[in-house]
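J.: let's see this in three dimensions:
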Amino acid sequence: MKNLIYLFREFIQGIKNIYAYLPVIYKDRDWDFSFYEQLMLFKFKRMHKTLSKRHWPTEVNYERTRSLKALKICINILERRTNDFYFDNFSYLIDQDIAFVKVGEFYEIGKDYQISSNMKKYNTLKAKSWAIEKRDYKLYHKLILEYSEYWWD
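T.: Numbering: from 1, shown residues only. Below you'll find the model as predicted:
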C-alpha cells in the first residue's frame, strides 16, 4: 500500500511539473542559447525555493548554506543575462539612426556609420560591460562545478 501511495504522489508531482514547465518549454527554440539560460533560470529558481525550505543536519548545514548562496548568485547572473543588463550599461549612448547605403540590390550599414555621438565613451563602456559579462559567466560555471553536488543530493 505504501508503494502505491508513493507512486501516486510521484505521478501527481510529475503532472505539477509538466504544468509548471509548460510555458517555458512552449517558448523554447533550439537555435538560441538564451533559451537554455531561461530554462536553467526557471529550474534554479524552483530549486532555490525548495532547498531554502529544507532543514539540514547540523554537520552539513555550513556547506548547504554556502551552496544555497552559490545557487542564488547563479540565478542573479542568469537574470542579468536574460534581462540585457550588460547591454543596458551602454545602450543609452546609442543616439544615431542607422545609416543604410544601397550596394547593388541590397542595403548595408555605411562604412562611416557611428552608433553614438560619443564613440570613445561608447566603446569604453561596451568593453567594460562585456568584460563584466565574461567575468560573471566564468563565475556562473565555476559555481555550478563547485556546488552543484549539494543542489542535487
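
J.: quick check: closest non-adjacent residue to residue 129.
T.: Sequence neighbours aside, residue 89 is the residue nearest to residue 129 in space, at 4.2 Å (criterion: C-beta to C-beta, 6 or more residues apart in numbering). (C-beta placed from N, C-alpha, C; glycine too.)

J.: that neighbour reaches residue 130, doesn't it?
T.: No. With contact defined as C-beta atoms under 8 Å, residue 89 does not reach residue 130; the gap is 9.4 Å.

J.: quick one on the thing from earlier: dump the residue contacts of the residue nearest to residue 129.
T.: Residue 89 is in contact with 125, 128-129, 132, counting by C-beta atoms under 8 Å, 6 or more residues apart in numbering.

J.: from these, which would you call buried?
T.: The neighbour count (16 or more other C-beta atoms under 10 Å) marks 125, 129 as buried among those.

J.: any idea which of the contacts of residue 89 is closest to residue 99?
T.: Relative to residue 99, the closest of the contacts of residue 89 is residue 125; by C-beta to C-beta it sits at 21.9 Å.

J.: give the rounded mean pLDDT of the strand or helix carrying residue 87.
T.: Element membership for residue 87 (DSSP states H and E) is helix 85-88. Confidence for helix 85-88, expressed as mean pLDDT, is 90.

J.: please pull out the lowest mean pLDDT helix or strand from the protein.
T.: Lowest on mean pLDDT, DSSP states H and E among the helices and strands of the chain sits strand 100-103, with a mean of 76.

J.: got the contact list for the nearest residue to residue 125 once chain neighbours are set aside?
T.: Nearest residue to residue 125, sequence neighbours excluded (C-beta to C-beta, 6+ apart): residue 90, at 3.8 Å. By C-beta under 8 Å, 6+ apart, residue 90 lies in contact with 122, 125-126, 129.
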